[in-house]
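1. Need a 3D model of the sequence below.
(chains A and B)
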Amino acid sequence: MSSIDSRPERDRPWMFRTYSGHSSAKASNALYRSNLAKGQTGLSVAFDLPTQTGYDSDHPLSRGEVGKVGVPICHIDDMQVLFDEIPLEKMNTSMTINATAAWLLSLYIATAERQGTDQSALRGTTQNDIIKEYLSRGTFVFPPEASMRLTSEIVSYTVDHVPNWNPMNVCSYHLQEAGATPVQEIAYSMANAISILDVVRAMPEVDDETLSRVFGRISFFLNAGIRFVEEMCKCRAMNQLWEEIGRERYGITNEKMLRLRYGVQVNSLGLTEAQPENNIIRIALEALGVTLSKKARTRSLQLPAWNEALGLPRPWDQQLSLRTQQILAYETDLLEYGDLFDGSHVVEAKTAALLEEARAELQTVLDMGGAVTAVENAYMKQKLVESQTDRLRAIESGEMTVVGVNAYEEAVDSPLVEEGAGSILKVDESAEREQIASLEAFRNRRNAAEAERALKNLEDVIRNGGNIMPPSIEAAKAGVTTGEWSQVLRDVFGEYRAPTGVVAAPVAEVSEDVSQVRKRVDALSETLGRRLKILVGKPGLDGHSNGAEQIAVKARDVGMEVVYDGIRLTPQEIVQSAQDEGVHVIGLSILSGSHGVLVTDVVAQLKDAGMGEIPVVVGGIIPDDDAEKLEAAGVRRVYTPKDFDLTRIMDEIVDVVAESNEG
Amino acid sequence: MPADPASRPETTDADALAAARALAERVCAGERSAISQALNAVDDNRESRREARLALLDAVTPSAKGVRIGVTGAPGAGKSTLLDALVSGLRERGRSVGVLAVDPSSQRTGGALLGDRMRLGSSARDAGVFLRSLAARDQLGGLSEVTGPSLDVLTAALDFVFVETVGVGQSEAQVIDVVDTLVFVAQPAAGDLIQFMKAGILEWPDLFFVNKSDLGDVATRAAAELRAGLDLGHRRDPDRVPPVLTGSARDGIGIDALIDGIEEHTAYLAATGLGETRRREGRRARIEHALQVRYGRFGMAKLGSAGDVAALVLADPSASVDRVIDRLSRRIERALTGGPEDDGGA
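-> Numbers count the residues shown, from 1 in each chain, chains lettered A, B, ... in the order given. Modelled structure (predicted):
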């Protein structure tokens, strides 16, 4: 018998997904079909920020954001186009949607119905994890209590009506992106899962049997970082802890329900702008952490593209990531073996150590009242800001090596990012205009009275404590829009502004560089007559506040007074705040690609308010040619992920303020 | 900081003074950009700007009539949420409102993370609300000296101005010196009430708001405990028992009653003359504290006995606090350096 014939049976591989969507439902549909044809086995839908935060494409806050970081979905026709020629009874669709999860799930169910498929046949996931939104991603809308209600209602609805659906992905992915250590990732995600399970358990319609099924349907979304050995141990630890929690806290005995099910996207925070081709290797190595150990293997894997730190990936970039998965799954012998690490005292020791620390941190959160309390009192957020600050300092000081960034920087220019290489996808500015036009057309052709009725019914049901799903599905069919649905909920539940976690950030150890900049800040403050004051804020809907928070903390460390205004600001609010606070300089952070529109708005409004002499600096994901345009419009400096040395940035801001105050 | 007699110009810059007075007029008219510029000027510690700064403050002080409200209480009691609700409530009644948020500076870096104004939800986004963050930079851990003058500017322009502090010890005590009405936010069942009663902190507030009434019995009991404690205890104003209100800042319950309570207190202060007395007291405390910080006990002694100091301080009630600090500073310096008697017209 040949050696090929004597090979053991291989396991079926995990599901291959790629997080994608942009511009319009039609363009995204084409992309999905092409990815599926290339061998992708599941879908992962990226929605644009207005859709994620409950605004129609023509809302003032949607300006500049439509179709940029994902697909705009305003109503059922958009949803139907998104899944055109993709039979939903056969597809497994993961939707990264949180505050508006109930709405998008309703649209999905209504679309399936139009395709002739009953909801009971649907397979997929709604991310539906609000706690991590408060902590790091920023697309929350409603306050914690209301959000817990919405989440638990999706859970209780699907467990009976859409039994193969994962109503929630408890996300630790975003916690790592916000700087969480493995212990924090484990502890806070478990605390999060517990807070939802406690709410569901308390629902009168949920008995022991149902709770067991609910437990079995809670899945996780993890991160896989470059320290892949530790990451693998982290997954093994989470396996154990989840089972412990299931048995001890919820009395679950069904083995199948106790298994930890999770999906993964590998780490994007560590992807570099400098020598970006290195990211190809990073991504492949990170995949190992969640595939090597069979016992702790992921069920579905999303690999970001090598150029994520530069901008949106093109189909070719996504293809490369998909091929990486396919080579790992089909060319290697990984799937031919049982678990490689059972019995390894090294792995077992590390796993046990992580488990012990995680249990302790979890207990700390539970003792203060659970995850929701730990959000409202900013405990978890502050811990994350601290970890992120530590991480950045370690990179700045060289303690933590990042190849191509603080070590081995000497390099041949990358042909992949040459002038004119077109190495990222640029969303056509006309996409926003077209989407708005399409939305208007939809409003004109729908039955306004039916939509009105459905909205009234939605409000009544919510106010009377009924489950959100049935009236939302009706509303979806009646042609209600995303913004209309969300506004009803805003009216009932109110909007929430989460604590920034930044105020209590401890002061750093003083390094020589920081000391130098501090002296310059002191000197400039003397000259100005009062302490240098900076406003840091995020215009538009992008909620990824980690960068802005680190800038705020560093600015305080070098002696500036910092007004940190947080996220979701309109240009007017920024200008008003700058005026009231009497700041010397404004720092804006945008990662969603809407900088072209929003930054120029701020600059223009500053001029109108007579504050044109106040300098503006910008940070974010901004391609070189856009940076040039911003500078031409008056922005004094543009910073991107390659500018990791925050102390240097502060030094330059001192220059900028000094220049503006000459004469 | 101590003014160096040698660097003080003999003649003042008439243009700068005229500009300062013009700015003061615009502030009193409620012009937003003027308020901001005035606040910047008040915060400017350069010697070259001193006379203009004093002229500005002299010009706004007589019009500094807005109501100053301090909001205090333990961390976690819901101060920010309550403040947000109060601001919205007042705006709905058509009043102009400002907030001065005082945050601690880092003693090590000199920098500060200010405001967390995001917590001031929807009211912060209302273009009618003026929000300024101030770093508490006092070396003795007290309220920054800029707080008082900043409030003078704000209250010359706005109907109501709130002072929000982090609520950690010393700065609390000095909030008394700069506000007319002090509101204390308590949370039920936290056990702090007893501690506060023991520490004597409860003798200062003029109104109490027991938050989180959604907790039911626990909140009602806390309110009852407070009322009992206030009846028996020593109070700053022995003629009035501060009302204890209950409600929920988050759910908007009891806010109207609290605003009514604040307005009633304002009327009471005016009718009894207690408001004037408090302002005078506040001025005296601010002036003394400033001189203390600069010159210590030794320097203060140069002004005479405590009674002499008080008399000096109260001698010219229409002058701005900073003007009096300036005059007395010069007097002390001359006494310390043995220079000629010239108090610059005090």
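2. Every contact and neighbour count from this point should use C-alpha atoms.
-> Noted.
3. Nearest residue to A:L135 in space, please, no chain neighbours.
-> What sits nearest to A:L135 in space, not counting adjacent residues and going by C-alpha to C-alpha, 6 or more residues apart in numbering or on different chains, is A:K381, at 5.4 Å.
4. After the host helix or strand of the one you found, which helix or strand is next? Please name it.
-> Assigned by DSSP states H and E, A:K381 belongs to helix A:379-397. The helix or strand immediately downstream of helix A:379-397 is helix A:430-445, counting by DSSP H and E.
5. quick one: average confidence on that following helix?
-> The average of the pLDDT scores along helix A:430-445 is 96.
6. Kindly confirm my reading that B:E51 forms part of a helix.
-> Yes. B:E51 sits within a helix when classified using DSSP: H, G, I helix; E, B strand; the rest coil.
7. re the thing from before, what is the rounded mean pLDDT of the helix holding A:K381?
-> 90.
8. Show me what counts as buried in it.
-> Neighbour counts over helix A:379-397 (16 or more other C-alpha atoms under 10 Å in any protein chain shown) mark A:379-389, A:391-393, A:395-396 as buried.
9. So which elements touch it?
-> Judged by 3 or more C-alpha pairs under 8 Å, 6 or more residues apart in numbering or on different chains; DSSP states H and E, the packing partners of helix A:379-397 are helix A:546-557.
10. Next, give me the two most distant ones among the buried residues of helix A:379-397.
-> A:Y379 and A:E396 (25.8 Å; C-alpha to C-alpha).
11. Which of the three states applies to the residue of the stretch 351-500 of chain A found nearest chain B?
-> Across the stretch 351-500 of chain A, no residue is closer to chain B than A:R497, which sits at 6.2 Å (C-alpha to the nearest C-alpha). Secondary structure assignment for A:R497 (three-state DSSP): coil.
12. Would you list the phi and psi of it?
-> Main-chain dihedrals, A:R497, degrees, to the nearest 10: phi -120, psi 120.
13. quick one: it from A:D333, how far?
-> Distance from A:R497 to A:D333, counting by C-alpha to C-alpha, to the nearest Å: 49 Å.
14. the more surrounded of the two?
-> A:R497 (20 against 12; other C-alpha atoms under 10 Å in any protein chain shown).
15. For chain B, which element, helix or strand, carries the lowest mean pLDDT?
-> Ranked by mean pLDDT, DSSP states H and E, the weakest helix or strand in chain B is helix B:121-125, scoring a mean of 56.
16. just to revisit the earlier point, so what pLDDT did the residue of the stretch 351-500 of chain A closest to chain B get?
-> Here the pLDDT value assigned to A:R497 is 73.
17. ditto for B:Q195
-> So B:Q195 comes in at 69 (pLDDT).
18. ok, now A:E244?
-> pLDDT for A:E244: 97.
19. CA atoms of whichever helix or strand it is part of as CSV?
-> Taking DSSP H and E as the criterion, A:E244 maps to helix A:228-250. C-alpha atoms of helix A:228-250 as CSV (Å, rounded to 0.1, in the frame of the first residue of the first chain):
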residue,chain,number,x,y,z
PHE,A,228,1.0,31.4,19.2
VAL,A,229,2.1,29.0,21.9
GLU,A,230,0.6,31.0,24.6
GLU,A,231,-2.5,31.6,22.4
MET,A,232,-3.0,27.9,22.0
CYS,A,233,-2.8,27.4,25.8
LYS,A,234,-5.3,30.3,26.2
CYS,A,235,-7.8,28.4,24.0
ARG,A,236,-7.2,25.2,26.0
ALA,A,237,-7.7,27.1,29.2
MET,A,238,-10.9,28.6,27.9
ASN,A,239,-12.2,25.2,27.0
GLN,A,240,-11.8,24.1,30.6
LEU,A,241,-13.2,27.2,32.2
TRP,A,242,-16.3,27.2,30.0
GLU,A,243,-17.0,23.6,31.0
GLU,A,244,-16.4,24.5,34.7
ILE,A,245,-18.8,27.4,34.5
GLY,A,246,-21.4,25.3,32.7
ARG,A,247,-21.3,22.6,35.3
GLU,A,248,-20.9,24.6,38.4
ARG,A,249,-22.8,27.8,37.8
TYR,A,250,-25.6,26.6,35.5
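20. Fine by me, we can end here.
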